[in-house]
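In: Return a 3D structure for these sequence lines:
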Amino acid sequence: MENNLGNYIELTPGIRSGKPRITGTRITVADVAIMYLRMGHSLEEIAGKYQLSLASVHVAIAFYYEHRNEIDQQIADAEAYAEIESLNSPSLLQEKLDAMRKYA
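Out: Purely as a prediction, here's the structure:
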């Protein structure tokens, strides 16, 4: 991936693990892609909700399509990590709810 992507996308080691993100924010290209493609939010909704320029959100989606395989792999890796962590670290709230159900 390129390191200098103009006014809209930047990669900075140490911020969001160096993933491509909208300049000046912590919102990654993957975040925008998930909200748009999986959650069904319009680009206008995403821009409005996070106070982003509509141009930056469009550039993020264009960047996603240019680097789709790599970003999809990053998303899959993050989801797999979250799944492993949830299995290794059960929710204390869930444990309490399960205990309450035993006595109900």
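In: how much space between the most centrally placed residue in the chain and residue 41?
Out: Nearest to the mean C-alpha position of the chain, counting by CA atoms, centre = their mean, stands residue 31 at 2.9 Å. When CB to CB, to the nearest Å is the yardstick, residue 31 and residue 41 sit 11 Å from each other. The C-beta positions use only the backbone N, C-alpha and C, and glycine is treated the same way.
In: repeat for residue 72
Out: To residue 41, residue 72 is 18 Å away according to CB to CB.
In: between the two, which one's more packed in?
Out: Neighbour count, other CB atoms under 10 Å: between residue 72 and residue 41, residue 41 has more, with 17 against 13.
In: Give me the secondary structure label for the nearest residue to the more buried one once chain neighbours are set aside.
Out: Counting by CB to CB, 6 or more residues apart in numbering, residue 41 lies nearest to residue 35, which is 4.6 Å off, once chain neighbours are set aside. Following DSSP: H, G, I helix; E, B strand; the rest coil, residue 35 is assigned to helix.
In: Residue 24 too?
Out: At residue 24, secondary structure determined by three-state DSSP is coil.
In: quick one: contacts for it?
Out: With CB atoms under 8 Å, 6 or more residues apart in numbering as the criterion, the residues that contact residue 24 are residue 10.
In: Equivalent analysis for residue 55, please.
Out: Applying CB under 8 Å, 6+ apart, the residues contacting residue 55 are residue 8.
In: buried residues in the helix or strand it falls within?
Out: For residue 55, the host element (DSSP states H and E) is helix 54-66. Within helix 54-66, the residues that count as buried by 16 or more other CB atoms under 10 Å are 56-57, 59-61, 63-64.
In: TSV please, covering those residues and showing distance to residue 78.
Out: What follows is those, written out as TSV (distance: CB to CB, whole Å):
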residue	distance to residue 78
56	22
57	20
59	22
60	17
61	19
63	17
64	15
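In: Throw those into JSON lines and include distance to residue 87 and pLDDT, thanks.
Out: As requested, the buried residues of helix 54-66 are arranged in JSON lines below (distance: CB to CB, whole Å; pLDDT from 0 to 100):
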{"residue": "56", "distance to residue 87": "36", "pLDDT": "96"}
{"residue": "57", "distance to residue 87": "34", "pLDDT": "97"}
{"residue": "59", "distance to residue 87": "37", "pLDDT": "96"}
{"residue": "60", "distance to residue 87": "31", "pLDDT": "97"}
{"residue": "61", "distance to residue 87": "32", "pLDDT": "97"}
{"residue": "63", "distance to residue 87": "33", "pLDDT": "96"}
{"residue": "64", "distance to residue 87": "29", "pLDDT": "97"}
